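*Asks:* Just need the structure, nothing else, for what follows:
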Amino acid sequence: MKGRAVPRPRILANWRRIVPSGVTLSALFFGFASILTTLEAMRLDIPSLLARSAQYIMIALILDGLDGNLARWLKGSTDLGAELDTFVDFTAFGAAPAVLLYAMLLHGPSPFWRTALPTLIVFSGALRLSKFRIIDPLRGQGGFIGLPITVNSSWIALAAFAALILSPEGHLLVRGPLSVIFQFFILVMIILQLSNLRYPKPSNKIKYFAPAAIVVLLLWILSQTYAAVIALLLALGCIGYVLTGPMIHKHSALKRAEEK
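*Replies:* The predicted structure is shown next:
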């Protein structure tokens, strides 16, 4: 008579689910750490801390892309993980960049605008994620409906990081011609987040995700000047995605249809 197989501990049996959820919680941590760092920068009046806050948002972005890939690779996708990811998105890519922008706009000329623009970011992010949960059961696997919330947060974080490093006391994104361009594209992205335009999801393809993750990590390793230049180039890449994403998605959809 064969002996019974000894059941594995529940944690070991569910490690495929635990690992992606752990990465998701790490993204949540960095999103919240960005908010705390921004508050500390305002309390101590140290602008360099705002650059660190922007870096935390970018780390959260990489971890947010990694958790979904891990869940697919390990076959550990769960409904809990999908719901948790929504709260991470709102914290790290809705609230965190809005608070960062508010701190920057404290040096601007309009008390109304410093409250209104971050509020619009939060409102648009909340509506975008609510809409996403209702009308996209595939959660972006077939392409996003509306601009992903991560794009606007990346634009804010990357541009802020570059500006704070290259001109710590210049307030380039708050006053002057560059500020008009920077804030204009924030408004454009806020609107596109609620549109029905389709955007591709590059993070689920390792050939796109891996180089992007490596480049973002370089922001912590390289000298500040080089890191700022790379951040500026990545910010321009966000604009490129905004402008060309719908065309790329349409082309990919037509190509898949022809293959079928």
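
*Asks:* okay, and for the chain, where does confidence drop off?
*Replies:* For the chain, residues meeting the criterion pLDDT under 70 lie at 1-13, 15-16, 71, 73-79, 81, 136-142, 203-205, 255-260.

*Asks:* What are the boundaries of the strands in it?
*Replies:* With DSSP state E as the criterion, the chain has strands at 144-145, 198-199.

*Asks:* Take those and lay them out in CSV including mean neighbour count and distance to Met58.
*Replies:* For the C-beta atoms, the positions are set from N, CA and C on the backbone; glycine is no exception. CSV is the format used below for the strands of the chain (neighbours: other C-beta atoms under 10 Å; distance: least, C-beta to C-beta, whole Å):
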stretch, mean neighbour count, distance to Met58
strand 144-145, 20, 19
strand 198-199, 20, 19
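
*Asks:* any chance of these in TSV, plus distance to Ala82?
*Replies:* Conversion of the strands of the chain to TSV gives the following (distance: least, C-beta to C-beta, whole Å):
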stretch	distance to Ala82
strand 144-145	15
strand 198-199	19
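
*Asks:* who wins for proximity to Ala212 among these?
*Replies:* Distances from Ala212 to each of the strands of the chain were compared by C-beta to C-beta, and the smallest falls on strand 198-199, at 15.4 Å.

*Asks:* quick one on the thing from earlier: looking at the strands of the chain, spot the one closest to Lys207.
*Replies:* For Lys207, the closest of the strands of the chain is strand 198-199, at 17.9 Å, according to C-beta to C-beta.

*Asks:* Summarise which helices and strands that closest one is packed against.
*Replies:* Judged by 3 or more C-beta pairs under 8 Å, 6 or more residues apart in numbering; DSSP states H and E, strand 198-199 is in contact with strand 144-145, helix 224-259.

*Asks:* Out of those, flag the one nearest Pro20.
*Replies:* Nearest to Pro20, of all those, is strand 144-145, at 20.0 Å by C-beta to C-beta.

*Asks:* ok, that closest one: who's next to it in the sheet?
*Replies:* strand 198-199 (antiparallel) (DSSP bridges).

*Asks:* I'd like the distance from the strand it pairs with to the chain centre, please.
*Replies:* Taking C-alpha atoms, centre = their mean, to the nearest Å, the mean C-alpha location of strand 198-199 is offset from the chain mean by 16 Å.

*Asks:* in the chain, which residue is closest to the centre?
*Replies:* Centroid-nearest residue in the chain, with C-alpha atoms, centre = their mean: Thr150, separated by 3.2 Å.
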